[in-house]
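Novice: below are the sequence and a predicted model for it; my questions follow.
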Amino acid sequence: MAAGAAILASSPVVQPLSLLDLSRRACSAPAKASLVGFQGLRKENAVLSRSCGVNSTSSSPFCKRHSLVKSGKDLRQLRVEASANGGPQSFDYDVIIIGAGVGGHGAALHAVEKGLKTAIIEGDIVGGTCVNRGCVPSKALLAVSGRMRELQDEHHLKALGIQVDAAKFDRAAVAAHADNLATKIRGNLTNSMKGLGVDILIGVGTIMAPHKVKYGKIGYPDKIVTGKNIIIATGSVPFVPPGIEIDGKTVFTSDHALKLEWIPDWLAIVGSGYIGLEFSDVYTALGSEVTFIEALDGLMPGFDPEIGKLAQRVLINPRKIDWHTGVLAKKITPAKDGRPVTIELVDTKTKEPKEVLEVDAALIATGRAPFTKGLGLENVKVETQRGFVPVDERMRVLDAAGNVISGLFCIGDANGKMMLAHAASAQGISVVEQIADNDNVLNHLSIPAACFTHPEISMVGLTEPQARKKAEDEGFEVLIAKTSFKANTKALAENEGEGIAKLIYRPDTGEILGVHILGLHAADLIHEASNAIAMGTSIKDIKFAVHAHPTLSEVLDELFKSAKVGEHAPVPVKSDPVPV
Ligand SMILES: Cc1cc2nc3c(=O)[nH]c(=O)nc-3n(C[C@H](O)[C@H](O)[C@H](O)COP(=O)(O)OP(=O)(O)OC[C@H]3O[C@@H](n4cnc5c(N)ncnc54)[C@H](O)[C@@H]3O)c2cc1C
Ligand SMILES: NC(=O)c1ccc[n+]([C@@H]2O[C@H](COP(=O)([O-])OP(=O)(O)OC[C@H]3O[C@@H](n4cnc5c(N)ncnc54)[C@H](O)[C@@H]3O)[C@@H](O)[C@H]2O)c1
């Protein structure tokens, strides 16, 4: 993520168009114009339809005029008196959330739990990126790729004594599995909010003034609602570097790839971050050959370098994958009239032309751009930073002068702190705690991340270079402990002994600085470490926790037990240089 952000920083960011503008364009002249919908926006961001398009499977509220707002409800009845010391002002809601993605959903549920009158405004479909175009459908595809991979691995099956005929798959049925799962989870999210009494207001939200939001559906007059607190949770869209032309068929983003409309023989994946890596797992399991194009000097630059190297050995080298690193995809032209997709590569540092690749398709996985335009931030004097909403450590929005704007928060991808679904939700919960008068600062170093390849990669806290830098700056010692899946009974029983767990820690205090895992079910295993960091548990204590045998969790048990805490002479704390 950090690496992607660095590239983003140096690239002229293609800003998303206003959602509002597009929704207007989309549905004001129904049928045909509705095809434009989010597509207009996506074109600007090189993304195709997610709401009203021909290929869309969604029932876009923009186009169907289908509202979840409780009809006829008089907002005046909902007015919320300001808190005792809040003066005479009254508001329709305690909390208005703009954007019903995972972040908005997490905030809404917690707000209701805290007894706050809550509304959520959604301009497209409930669930946002994660549910409709991200975590959920991608994990459905990865579930298939995992099984295909296993069933195609004769050597692995033979070791277990299993014989199967050649595994086959039905592309359309795989795609339907992903789509059905998204629909189901979207329904769950919607029902959970409705069931708890969150008002779901359909339309694009624009902040008009402090505490005041306009939202509207095409063809209906705009409505105004007021909130004592407003939480921006408008998420992100795929970032497509300039020079790359998206046609949605041969040059596409994750939004299209998830639909699995075809399986190219040769797929170039631009960017070897989370999206690139997960889709390489999917497409190679389904028969594609993949070429990675990565701007930085090595593949998977966002990971701990040692884990990145192992990932290359396990997830890249044995598969039909090759790569070009240190190069930028400067220009990509979709396939047309029998010509293949062409990709012009230049050296990242010198910008000298390198070579031209011809492939069947290209997946652009070069990061995500915040979705904040058209939100009316200028009405509250907020200046975005490359589109991201500036916030402090409590997710309070800062104005152009760097001052906190009272009652305005931003969570999730739109603030760019950590572009993960559970981070968005955790930030939402943290904000609601503050609204409920419980000060809360979320420790982002305790938030785990996982890449759902086969095997999985997971991590929490600092990478080794980050930890060593911090140690040097602050004057403490860092040690590394490692355990292997090869010594774990459960992993060996599964014939899945490939993998390691790595602990980065302070021997003087037993503080866990980072944990990185590559191996079977790494995404589930990481939580023992992330919870320990969140709770401030020292290795001194966690090493006595008991783990069931035989389980994969013993990989972490051994990891903590192998740490050498308190066995080293304390390192003197670096003092500030003494002025001469
Ligand atoms: C392919 C892919 C796979 C991913 N896999 C994972 C994963 O496995 N695990 C993980 O943690 N993360 C994953 N992510 C990242 C994750 O999807 C995002 O971090 C997460 O969705 C961010 O949540 P959010 O609530 O901030 O924004 P979003 O989910 O983007 O939701 C924002 C919502 O706001 C709405 N909106 C925007 N503007 C307005 C407006 N003005 N008015 C009203 N509504 C508006 C949008 O329509 C949208 O519904 C993945 C992402 C992708 C693309
Ligand atoms: N399992 C998960 O949690 C998961 C899965 C998918 C996505 N996500 C989230 O979605 C976000 C976006 O994922 P992503 O993989 O697109 O971004 P990323 O930031 O993880 O990786 C982008 C990669 O593209 C490279 N890059 C950027 N511009 C380039 C160019 N012009 N040419 C070649 N390479 C270029 C970067 O160096 C980087 O390695 C991430 O922040 C991630 O947190 C999470």
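Specialist: The structure has been received and is ready for your questions. Residues are numbered from 1 along each chain as shown. Ligands and ions are numbered 1, 2, ... in the order given.
Novice: check whether residue 367 really touches residue 273, as I assumed.
Specialist: Yes: counting by CB atoms under 8 Å, residue 367 does reach residue 273; the two are 7.0 Å apart. Just so you know, the C-beta spots here come from the backbone N, C-alpha and C atoms, and that holds for glycine as well.
Novice: now the helix or strand hosting residue 362: mean pLDDT?
Specialist: Element membership for residue 362 (DSSP states H and E) is strand 361-364. Here strand 361-364 scores 98 as its mean pLDDT.
Novice: what's the answer for stretch 226-243, then?
Specialist: Throughout stretch 226-243, pLDDT has a mean value of 98.
Novice: can you list the buried residues in it?
Specialist: 226-241 (16 or more other CB atoms under 10 Å).
Novice: can you check stretch 498-512 too?
Specialist: 498-508, 510-512.
Novice: what is the end-to-end distance of that stretch?
Specialist: This stretch, stretch 498-512, spans 24 Å end to end (CA to CA, to the nearest Å).
Novice: among the buried residues of stretch 498-512, which are in helices?
Specialist: Among the buried residues of stretch 498-512, none falls in helices (DSSP state H).
Novice: just these now: which is nearest ligand 1?
Specialist: Closest approach to ligand 1 among the buried residues of stretch 498-512 (CB to the nearest ligand atom): residue 499, at 19.1 Å.
Novice: please name the nearest non-neighbouring residue to the closest one.
Specialist: Spatial nearest neighbour of residue 499, chain neighbours left out: residue 519 (2.3 Å); criterion: CB to CB, 6 or more residues apart in numbering.
Novice: who touches the spatially most central residue of the chain in this structure?
Specialist: With distances taken as CA atoms, centre = their mean, residue 420 lies nearest the centre of the chain, 3.3 Å away. When contacts are counted by CB atoms under 8 Å, 6 or more residues apart in numbering, residue 420 touches 447, 449.
Novice: surely residue 375 and residue 207 touch.
Specialist: Yes: counting by CB under 8 Å, residue 375 touches residue 207, with 6.2 Å between them.
Novice: how near is residue 549 to ligand 1?
Specialist: Taking CB to the nearest ligand atom, to the nearest Å as the measure, residue 549 falls 30 Å from ligand 1.
Novice: let me fix that, I meant to ask about residue 240.
Specialist: Note on residue 240: its distance to ligand 1, by CB to the nearest ligand atom, is 13 Å.
Novice: equivalent analysis for residue 207, please.
Specialist: Counting by CB to the nearest ligand atom, the gap from residue 207 to ligand 1 is 9 Å.
Novice: and residue 268, by the same measure?
Specialist: Look at residue 268 and ligand 1: by CB to the nearest ligand atom, they are 17 Å apart.
Novice: residue ranges with poor pLDDT in the protein?
Specialist: Applying pLDDT under 70 to the chain flags the ranges 1-88, 568-580.
Novice: near ligand 2, which residues of it?
Specialist: 1, 3-4, 7, 241, 270-276, 278, 293-296, 301-302, 328-329, 365-368, 419-420, 449-452 (CB under 6 Å from any ligand atom).
Novice: the domain parsing of the chain - what is it?
Specialist: 93-238+369-436, 251-366, 445-562 (the TED database).
Novice: any chance you could map the strands in the stretch 101-250 of the chain?
Specialist: 118-122, 199-202, 204-209, 212-216, 223-232, 236-238 (DSSP state E, counting those that start in this stretch).
Novice: and the first one with ligand 1, contact?
Specialist: Yes: Strand 118-122 reaches ligand 1 (CB under 6 Å from any ligand atom) through 121, 122.
Novice: give me the contacts around that strand.
Specialist: Here strand 118-122 makes contact (CB under 8 Å, 6+ apart) with 61, 92-100, 104-105, 108, 111-112, 193, 197-205, 213, 215, 225, 227.
Novice: now the phi/psi pair for residue 510, please.
Specialist: Backbone torsions of residue 510, given as degrees, to the nearest 10, read phi 80, psi 10.
Novice: contacting residues around it?
Specialist: Contacts for residue 510 (CB under 8 Å, 6+ apart) come out as 538, 539, 540, 541, 563, 565, 566.
Novice: let's see 6 Å
Specialist: By CB atoms under 6 Å, 6 or more residues apart in numbering, the residues touching residue 510 are 538, 539, 540, 565.
Novice: please say which of residue 375 and residue 207 ends up with more neighbours.
Specialist: Neighbours were counted for residue 375 and for residue 207 using other CB atoms under 10 Å; residue 375 has more, 27 against 22.
Novice: distance of that one relative to ligand 1?
Specialist: Residue 375 sits 5 Å away from ligand 1, going by CB to the nearest ligand atom.
Novice: same check, this time on residue 552
Specialist: With the distance defined as CB to the nearest ligand atom, residue 552 ends up 20 Å from ligand 1.
Novice: helices of the stretch 251-400 of the chain, start to end?
Specialist: Ranges of helices in the stretch 251-400 of the chain, per DSSP state H, counting those that start in this stretch, are 254-257, 274-285, 305-311.
Novice: who are the neighbours of the last one, in terms of helices and strands?
Specialist: By that I understand helix 305-311. strand 512-519 (3 or more CB pairs under 6 Å, 6 or more residues apart in numbering; DSSP states H and E).
Novice: what strands flank the strand it packs on, and is each parallel or antiparallel?
Specialist: The pairing partners recorded for strand 512-519 under DSSP bridges are strand 456-461 (antiparallel), strand 500-505 (antiparallel).
Novice: OK, contacts around residue 523?
Specialist: So residue 523 contacts 450, 456, 458 (CB under 6 Å, 6+ apart).
Novice: check residue 311 too.
Specialist: Residue 311 touches 300, 457, counting by CB under 6 Å, 6+ apart.
Novice: ok, residue 562 to residue 464 distance?
Specialist: 16 Å (CB to CB, to the nearest Å).
Novice: so between these two, which is more surrounded?
Specialist: Between residue 562 and residue 464, residue 464 has the larger neighbour count (other CB under 10 Å), namely 18 against 13.
Novice: make TSV from the contacts of residue 523 and add neighbour count to it.
Specialist: Shown next, in TSV, are these (neighbours: other CB atoms under 10 Å):
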residue	neighbour count
450	21
456	23
458	25
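Novice: let me have those residues in TSV, adding distance to ligand 1 as columns.
Specialist: Formatted as TSV, these follow (distance: CB to the nearest ligand atom, whole Å):
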residue	distance to ligand 1
450	7
456	10
458	11
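Novice: of all those, which comes closest to residue 558?
Specialist: The nearest member of the contacts of residue 523 to residue 558, counting by CB to CB, is residue 458 at 16.7 Å.
Novice: so which bits of stretch 448-455 are buried?
Specialist: Of all the residues in stretch 448-455, those buried under the rule 16+ other CB under 10 Å are 448, 449, 450, 451, 452, 453, 454, 455.
Novice: do stretch 125-140 as well
Specialist: Using 16+ other CB under 10 Å as the test for burial, stretch 125-140 gives 125-138, 140.
Novice: what is the end-to-end distance of it?
Specialist: End-to-end span of stretch 125-140 (CA to CA): 19 Å.
Novice: do the same with stretch 413-426
Specialist: Its first and final residues considered, stretch 413-426 spans 12 Å by CA to CA.
Novice: can you check stretch 406-421 too?
Specialist: End-to-end for stretch 406-421, by CA to CA: 25 Å.
Novice: kindly report the same for stretch 298-315.
Specialist: Start and end residues of stretch 298-315 are separated by 14 Å (CA to CA).
Novice: now the closest residue to ligand 2 within the stretch 101-250 of the chain: how far from residue 421?
Specialist: Closest approach between the stretch 101-250 of the chain and ligand 2, counting by CB to the nearest ligand atom: residue 241, at 4.2 Å. Remark: distance between residue 241 and residue 421 (CB to CB) = 24 Å.
Novice: so who does residue 167 touch?
Specialist: The contact partners of residue 167, by CB under 6 Å, 6+ apart, come to 148, 151, 152.
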